[in-house]
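>>> Predicted model follows, preceded by the sequence.
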Amino acid sequence: MRNPLQNAAAGITPKSPGGTPDSPGHAPGAGRAAASLAELVTYRTVSSRAGGTSQAGAGGETAEFESFIAALPRLYPGVHAALELERVNGHALLYRWPGSAVAEDPAARHRASVLMAHYDVVPADDPGEWTHPPFSGHNDGTFLWGRGTLDDKGQLVAILEAAERLLRAGYAPAHDLYFSFGNNEEAAGNSAAAAADLLAGRGVLPWLVLDEGGAVAGGAFPGVSRPAAVVGVAEKGILDVELLTRDPGGHASTPPRMGATARLARAITRIERRPFPQSLPEVTAEMLRRFGPHTPPPLRAVFANVALLRAPIIWLFGRLGSETNAMTRTTVAITTLEGSSGANVLAATAKANANIRVAVGETVEGTMALLRRIIRDPKVELRVVEGNGPSPVSPSSGAQWDLLADCIGQVFPEAIITPYIMMGGTDSRRFTGICGAVYRFAPFFMDVRARGSIHAVDEKIGLETLEQGVRFYETLMREL
């Protein structure tokens, strides 16, 4: 399939699935948001982490990032006519919607808000396993299929579509409103940090920052039947640690005892058998209190008395499943292994990568010290590849939280709104140095299957869900 740059060179008007040359991507019967997202999914804006380094738009993929950016003014002409746009760190985008109050009072810039998303996606290494090709943007009338529909091009489209609708209605914000769209979030890149530094250098200290993260989740917690709007108020730290063992190597016919691979295997086994200690952060305790009235009587009584029953709750969380277990401790996952390059050759070195999610309240230094004690072997070398500690905790009360909760309630009235700690990482952690109210919430309904499709096969978003996301951002922008 031609990419849009080739189309332009050939004099062909770009067209997404179901579109027409007169209205690219806007198929009859489909909403503008869905049609725009269908086209934007077709741009293979893949970023990845290889060899311990971040890569976004490398090689031929750079053209895909440029094509994505070039499509936005055509899909959202009102936004690009009214808002200021600058590129940050190459392919990241920072829009500014000037507030009417700022012209009269420059101090009003401190009431600016930042809405975030990222448009890079993880690779789709198994396209043959997908129901519809991962970069097709296929619209079946109920779902829009493709890599990035949920993570996170759908959120970017919801923001831009909401702004476009408000502009057509003649709306102008009182305070500056920024859209920060990252290009290397999946690669843990530095574009978001560059955007935050740019704002800080201009004296902009946002009143509110909202990024991806939580969602309106179905089946989010055992015993809770209603959907839960979980809003991330903090996120765990992310730490990649290399475990390295050495040995003279040689021929596999005369193996030594405790060679490089055996020593590494023993270290990994010790990590698996001795998980990090558990605790119950106050954010998680508050989440349980909010879930409590909506659970069956036995759980209701437990969650109403979190302070008194903290120890048994922690014990229970460790056994309910991997998600609840991760809420209570620092977790370690061995993700890559490397040994000998030959079937009959002893490894001179063996390596593994430990991907560690550092619990709120812990530190990188403390995590590394405990990891060394768990391994109990000075011949296993530990090296921090990259990473950071957990983010600060944003308040789950006060003006910013109340405004966000009110907007969620208007669009998702059936949802239980609660704070939580994110297990993964987002670009928003780069903004915690300039804003004390940083939240993580995607305004989409996601059941267990939808959440499981993120970074996996058959990622898709419901058309109704996408429309709810647009309505949420319309509501939020009006309130801001």
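Everything's here; your move.

>>> what about the chain, any weak spots by pLDDT?
Across the chain, the stretches falling below the confidence threshold (pLDDT under 70) are 1-30, 49-60, 106-109.

>>> Distance of Val121 relative to Ala333?
21 Å (CB to CB, to the nearest Å). Every residue, glycine included, has its C-beta placed from N, CA and C.

>>> Show me which of the two is the more surrounded one.
Per other CB atoms under 10 Å, whichever of Val121 and Ala333 has more neighbours is Val121, with 26 against 11.

>>> Can you name the residues that contact that one?
By CB atoms under 8 Å, 6 or more residues apart in numbering, the contact list for Val121 reads 44-47, 147-148, 151, 153, 186.

>>> What subset of these is buried?
44-47, 147-148, 151, 153, 186 (16 or more other CB atoms under 10 Å).

>>> Report the two of these separated the most.
Maximum pairwise distance among the buried ones among the contacts of Val121 (CB to CB): 14.8 Å, between Arg44 and Asp151.

>>> The helix or strand Ala70 falls within: what's the following helix or strand?
Counting by DSSP states H and E, the secondary-structure element that holds Ala70 is helix 61-75. Counting by DSSP H and E, the next helix or strand C-terminal to helix 61-75 is helix 77-82.

>>> on contacts alone, who are the packing partners of that next one?
Using 3 or more CB pairs under 8 Å, 6 or more residues apart in numbering; DSSP states H and E as the contact criterion, the secondary-structure elements in contact with helix 77-82 are helix 61-75, helix 153-168.

>>> deepest of those helices, which one?
Ranked by average neighbour count under the criterion mean count of other CB atoms under 10 Å, these are headed by helix 153-168 at a mean of 25.

>>> which residues are contacting that one?
Under the contact criterion CB under 8 Å, 6+ apart, helix 153-168 has outside partners 32-33, 36-37, 40-41, 72, 75-76, 78-79, 82-83, 97, 115, 117-119, 121, 148, 179, 181, 212, 442-444, 461, 466, 469-474, 476-478.

>>> In this structure Phe412 contacts Gln468, no?
Yes. Applying CB atoms under 8 Å as the test, Phe412 and Gln468 come out as touching, 7.2 Å apart.

>>> Give me the more crowded residue out of the two.
Neighbours per residue (other CB under 10 Å) separate Phe412 from Gln468, with Phe412 holding more: 20 against 17.

>>> Please name the residues that touch that one.
If you count contacts by CB under 8 Å, 6+ apart, then Phe412 has 216, 227, 229, 443, 445, 468, 472 around it.

>>> roughly how far apart are it and Arg372?
The value you get for Phe412 to Arg372, if CB to CB is used, is 45 Å.

>>> Equivalent analysis for Glu414, please.
Glu414 sits 48 Å away from Arg372 when distances are taken as CB to CB.

>>> the more surrounded of those two?
Neighbours of Glu414 and Arg372, each counted by other CB under 10 Å, are more numerous for Arg372; the result is 13 against 10.

>>> quick one: that one and Lys379 touch, right?
No. Taking contact to mean CB under 8 Å, the distance of 11.8 Å between Arg372 and Lys379 leaves them out of contact.

>>> Quick check: buried residues in the strand or helix carrying Glu212?
Element membership for Glu212 (DSSP H and E) is strand 208-217. For strand 208-217, the buried set under the neighbour-count rule, 16+ other CB under 10 Å, comprises 208-217.

>>> Just name the closest of these to Thr245, please.
Nearest to Thr245 among the buried residues of strand 208-217 is Gly213, at 37.0 Å by CB to CB.

>>> excluding its backbone neighbours, what's nearest that closest one?
With sequence-adjacent residues excluded and distances taken as CB to CB, 6 or more residues apart in numbering, Gly213 is closest to Arg440, at 2.3 Å.

>>> Selecting buried members of the contacts of helix 153-168 in PyMOL, what would you type?
PyMOL command restricting the contacts of helix 153-168 to the buried ones, with burial defined by 16+ other CB under 10 Å:
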select buried, resi 32+33+36+37+40+41+72+75+76+79+83+97+115+117+118+119+121+148+179+181+212+442+443+444+461+466+469+470+471+472+473+474+476+477
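
>>> Out of the contacts of helix 153-168, list just those in strands.
Where the contacts of helix 153-168 overlap with strands, as defined by DSSP state E, the overlap consists of 97, 115, 117-118, 179, 181, 212, 442-444, 461.

>>> so what strands line up beside the helix or strand where Arg87 lies?
With secondary structure defined by DSSP H and E, Arg87 is part of strand 84-88. Strands that pair with strand 84-88, judged by DSSP bridges, come out as strand 92-97 (antiparallel).

>>> and the angle for the partner strand with helix 153-168?
Taking axes from the mean of the first three to the mean of the last three CA atoms, to 10 degrees, one finds strand 92-97 and helix 153-168 inclined to each other by 20 degrees.

>>> Between helix 61-75 and strand 92-97, find me the angle.
Angle, strand 92-97 to helix 61-75, by the same axes, to 10 degrees: 20 degrees.

>>> list the contacts for Leu208?
Counting by CB under 8 Å, 6+ apart, Leu208 makes contact with 113-114, 400, 403-404, 435, 437, 439, 480.

>>> one more time with 7 Å, if that's ok
By CB atoms under 7 Å, 6 or more residues apart in numbering, Leu208 lies in contact with 113, 400, 437.

>>> For the most centrally placed residue in the chain, which residues are in contact?
When the chain is reduced to its mean C-alpha position, the closest residue under CA atoms, centre = their mean turns out to be Thr426, at 4.6 Å. With contact taken as CB under 7 Å, 6+ apart, Thr426 is in contact with 185, 211-213, 235, 440.
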